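J.: Would you be able to build a 3D model of this:
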Amino acid sequence: MRMAVLVLAAALARSVGASSPAHPAAEAQALDLAKKAIALRSVQGPGNQTPEVAALYRSALISGGFAPQDIAITPLGDTAYLIARWPGQDPALKPLVISGHMDVVEAKRADWKRDPFTPVVENGYLFGRGATDMKLDGTLAIAALNELRRSGYRPRRTIVIEFSGDEETSMQTSARIADALQDAELVVNIDGGGGVLNEATGAPEYFTWQGAEKTYADFELSTSNPGGHSSAPRKDNAIDELALALVRIHDHPFKPELSELTRAYFVQASRYEDPKIGAAMRAFAADPTDRRAIEVLRDNPATVGKIGTTCVTTMISGGHALNALPQRAVANVNCRIFPGHKPAEILAELQAVADEPAVRFRDATEGSVANDASPMRPDFVTAVKRAMEIAYPGVPVFPSMASGASDSMWFRYHHVPSYGASPVFIKESDDFSHGLNERTPIASIAPAITYYLSLFADLST
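T.: This is a model prediction of the structure:
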């Protein structure tokens with residue numbers, strides 16, 4: 001069976017270097033659907049059009065052969081989420097889940113050169129909010145599944161494609177989806193990973209898949225006392241006590257850490273970095289206690305988050321009058337926790353470091369749960385490498401760890417392996433996710449379809 005699937009995948013796929021489109025119907029559908037999705041303002045709050053995006057995706061899946069009764073759109077507050085099933089031939093097999101989200105970060109017309117919710121294709125790029133994060137990725141997956149159906153492919157295991165509706169905010173739909181699909185064999189999160197294009201030539205340099213992400217946590221630190229007149233200062237000043245604690249936390253280096261996944265990343269990604277950074281990455285991979293390597297990596301914003309837990313003060317407020325001693329001071333310390341540690345462990349470490357009895361600590365985290373790294377499963381790694389070799393022959397493939405949170409967090413919380421595996425390639429200088437004038441090269445569309453055809457077929461056998 002596996003050999004038959006591989007033959008089918010190879011027949012479906014053609015190299016990115018081909019002179020004509022490999023799958024013109026799928027490629028056209030992906031772009032057209034992405035434009036329609038971008039035009040819908042799926043932003044939390046009044047006028048949220050995420051349910052309309054769900055209806056758009058549902059229609060596209062039905063037109064591709066999904067049975068209407070196999071697609072459910074569930075409203076939740078001002079948003080909604082979608083779960084669609086393509087039943088497999090063997091109901092005893094756990095399903096393959098393809099995971100994405102429909103909502104986007106707010107974008108204001110006055111800040112952009114173009115209307116963020118009017119899609120435009122210009123100079124080889126698709127512009128608009130969601131072009132990168134992640135409406136194009138979502139429509140690429142839908143178009144690829146429809147192409148598989150057109151080809152006559154029949155999966156052995158059920159394929160589930162799902163889209164959450166508030167990944168960028170509270171993640172309530174993300175949590176509900178993971179609860180409902182915690183019986184999955186594995187999850188391909190199309191909102192993670194991706195390829196890097198060379199800044200000078202635009203040629204593909206390397207591709208990474210994400211097998212882990214750091215746990216997000218917010219800790220509230222507060223102090224209070226009766227206050228008094230500012231002309232009679234006392235030692236127990238609420239702001240001063242909090243400030244001393246924050247300075248100690250700022251100066252505290254968390255223990256550098258290395259995992260099987262991050263070691264592989266440092267060794268292979270070091271080839272594409274500045275020589276000084278690259279040398280430090282290789283030295284750290286060989287010895288995570290190397291002080292010189294740690295110093296270099298901690299001084300670089302792009303690598304400091306990859307070598308361990310980080311905590312930083314992000315908000316502070318205090319006092320109630322210009323001429324009064326403060327009665328209260330409050331700060332938020334935001335942490336990104338290395339996989340394998342629970343928030344309670346980091347909170348206890350911060351309390352010990354602060355060493356201020358007057359400071360009270362509270363876990364104020366919302367919309368996040370602790371999660372460990374997914375295993376480096378040979379079946380997934382092999383499938384990704386095979387798909388990438390068909391789409392981008394010779395491009396290096398290796399794992400990475402994300403510093404931010406994604407829907408993978410909720411699946412890993414249920415001990416379901418989840419992997420970020422988007423095939424979209426982009427220059428680092430063109431990555432404007434969450435920022436102004438978001439755009440993605442449309443040249444990524446054809447090879448992305450090719451990649452998904454191979455990956456989805458391989459993992460659903």
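J.: Report how many residues lie close to G394.
T.: G394 has 7 neighbours, counted by other Cβ atoms under 10 Å. Where you see a C-beta, it was placed from the backbone N, CA and C, and this is true even at glycine.
J.: Please disregard the earlier target; I meant F254.
T.: Counted with other Cβ under 10 Å, the burial measure for F254 works out to 18 neighbours.
J.: so what pLDDT did it get?
T.: The score at F254 is 97. That number is its pLDDT.
J.: Give me the secondary structure label for it.
T.: Classification of F254 into helix, strand or coil gives coil, according to DSSP: H, G, I helix; E, B strand; the rest coil.
J.: residue contacts, the residue nearest to it when sequence neighbours are not counted?
T.: For F254, ignoring the flanking residues on the chain, the nearest one in space by Cβ to Cβ, 6 or more residues apart in numbering is T309 at 4.3 Å. Neighbour list for T309: K214, F254, E257, C335, R336, I337, F338, H341, I346 [criterion: Cβ atoms under 8 Å, 6 or more residues apart in numbering].
J.: ok, now with 6 Å
T.: For T309, the contacting residues are F254, I337, F338, by Cβ atoms under 6 Å, 6 or more residues apart in numbering.
J.: repeat for A324
T.: For A324, the set of contacting residues under the criterion of Cβ under 6 Å, 6+ apart consists of G227, S230.
J.: Give me the contact list for the one helix or strand F380 maps to.
T.: Using DSSP states H and E, the secondary-structure element containing F380 is helix 378-391. The contact list for helix 378-391 (Cβ under 6 Å, 6+ apart) reads 13, 16, 207, 209, 397, 419, 421, 447, 450-451, 454-455, 458-459.
J.: buried ones in it?
T.: Of the residues in helix 378-391, those with enough neighbours to count as buried (16 or more other Cβ atoms under 10 Å) are F380, V381, A383, V384, K385, R386, A387, M388, E389, I390, A391.
J.: from the chain's centre, how far out does that helix sit?
T.: 20 Å (Cα atoms, centre = their mean, to the nearest Å).
J.: Now the element after it, going C-ward?
T.: Sequence-wise, the next helix or strand downstream of helix 378-391 (DSSP H and E) is strand 397-402.
J.: Neighbouring strands - and their directions - for that following strand?
T.: Listed by DSSP bridges, the sheet partners of strand 397-402 and their directions read strand 204-213 (parallel).
J.: Next, the angle helix 378-391 makes with the strand it pairs with.
T.: Relative orientation of strand 204-213 versus helix 378-391 (axes from the mean of the first three to the mean of the last three Cα atoms, to 10 degrees): 160 degrees.
J.: I'd like the next helix or strand past strand 204-213.
T.: Past strand 204-213, further along toward the C-terminus, the next helix or strand under DSSP H and E is strand 215-224.
J.: Other residues contacting that next one?
T.: Contacts with strand 215-224, where a contact means Cβ under 6 Å, 6+ apart, come from 238, 241-242, 328-335, 337, 343, 347, 358-362, 364-365, 368, 370, 405.
J.: Filter those residues down to just the buried residues.
T.: Taking 16+ other Cβ under 10 Å as the criterion, what is buried in the contacts of strand 215-224 is 238, 241-242, 328-331, 333-335, 337, 343, 347, 358-359, 361, 365, 368, 370, 405.
J.: quick one: low-confidence parts of this protein?
T.: By pLDDT under 70, the low-scoring segments of the chain are 1-21.
J.: re earlier: in helices, which of the contacts of helix 378-391 appear?
T.: When DSSP state H is applied, these are split such that P447, T450, Y451, S454, L455, D458, L459 fall in helices.
J.: what sits against the fifth one?
T.: Pointing back at L455 there. Neighbour list for L455: A383, A387 [criterion: Cβ under 6 Å, 6+ apart].
J.: State the distance from it to V43.
T.: Using Cβ to Cβ, to the nearest Å, L455 is found at 30 Å from V43.
J.: what about the helices in the stretch 101-250 of the chain?
T.: For the stretch 101-250 of the chain, helices defined by DSSP state H, counting those that start in this stretch occupy the ranges 135-150, 172-180, 238-250.
J.: Now tabulate these in JSON lines and tack on distance to E52.
T.: Written out in JSON lines, the entries for the helices of the stretch 101-250 of the chain read as follows (distance: least, Cβ to Cβ, whole Å):
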{"stretch": "helix 135-150", "distance to E52": "12"}
{"stretch": "helix 172-180", "distance to E52": "15"}
{"stretch": "helix 238-250", "distance to E52": "44"}
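J.: To Q268, which of these lies closest?
T.: Judged by Cβ to Cβ, the one of these that comes nearest to Q268 is helix 135-150, at 23.5 Å.
J.: Show me what the closest one is in contact with.
T.: Defining contact as Cβ under 6 Å, 6+ apart, one finds that helix 135-150 is touched by 23, 26, 29-30, 33-34, 37-38, 60, 64-65, 98, 100, 190, 422, 440, 448-449, 452-453.
J.: Out of those residues, which end up buried?
T.: Of all those considered here, the ones buried according to neighbour count by 16+ other Cβ under 10 Å are 23, 26, 29-30, 33-34, 37-38, 60, 64, 98, 100, 190, 422, 440, 448-449, 452-453.
J.: for L82, what are its contacts?
T.: When the contact criterion is Cβ under 6 Å, 6+ apart, the partners of L82 are A54, Y57, I73, F163.
J.: and stretch 318-326, which residues are buried?
T.: G318, G319, L325, P326.
J.: Tell me which of those fall in strands.
T.: G318, L325 (DSSP state E).
J.: And stretch 257-266, what's buried?
T.: In stretch 257-266, the ones that count as buried by 16+ other Cβ under 10 Å are L258, S259, L261, T262, R263, A264, Y265, F266.
J.: tell me which of those residues is nearest to D430?
T.: Comparing those against D430 with Cβ to Cβ places Y265 closest, at 21.8 Å.
J.: Remind me which helix or strand that closest one belongs to.
T.: In the assignment (DSSP H and E), Y265 maps to helix 260-269.
J.: so the helix or strand that that helix is followed by versus helix 260-269, what angle?
T.: Proceeding C-terminally, helix 260-269 gives way to helix 275-286 as the next helix or strand, assigned by DSSP H and E. Taking the same axes, to 10 degrees, one finds helix 275-286 and helix 260-269 inclined to each other by 150 degrees.
J.: So what's the gap between stretch 296-313 and the chain middle?
T.: Computed by Cα atoms, centre = their mean, the chain-centroid distance of stretch 296-313 equals 18 Å.
J.: okay, how far is it across it, tip to tip?
T.: Using Cα to Cα, to the nearest Å, the end-to-end distance of stretch 296-313 comes to 22 Å.
J.: Any buried residues in it, and which?
T.: Applying a neighbour-count criterion of 16+ other Cβ under 10 Å, one finds 296-298, 300, 303, 305-311, 313 buried in stretch 296-313.
J.: for stretch 207-221, same thing?
T.: Neighbour counts over stretch 207-221 (16+ other Cβ under 10 Å) mark 207-219, 221 as buried.
J.: Give me the contact list for stretch 336-350.
T.: Under the criterion Cβ under 6 Å, 6+ apart, external residues in contact with stretch 336-350 comprise 212, 214-215, 217, 219, 249, 257, 305, 308-310, 335, 361, 363, 370, 372-373, 403.
J.: Alright, calling it a day.
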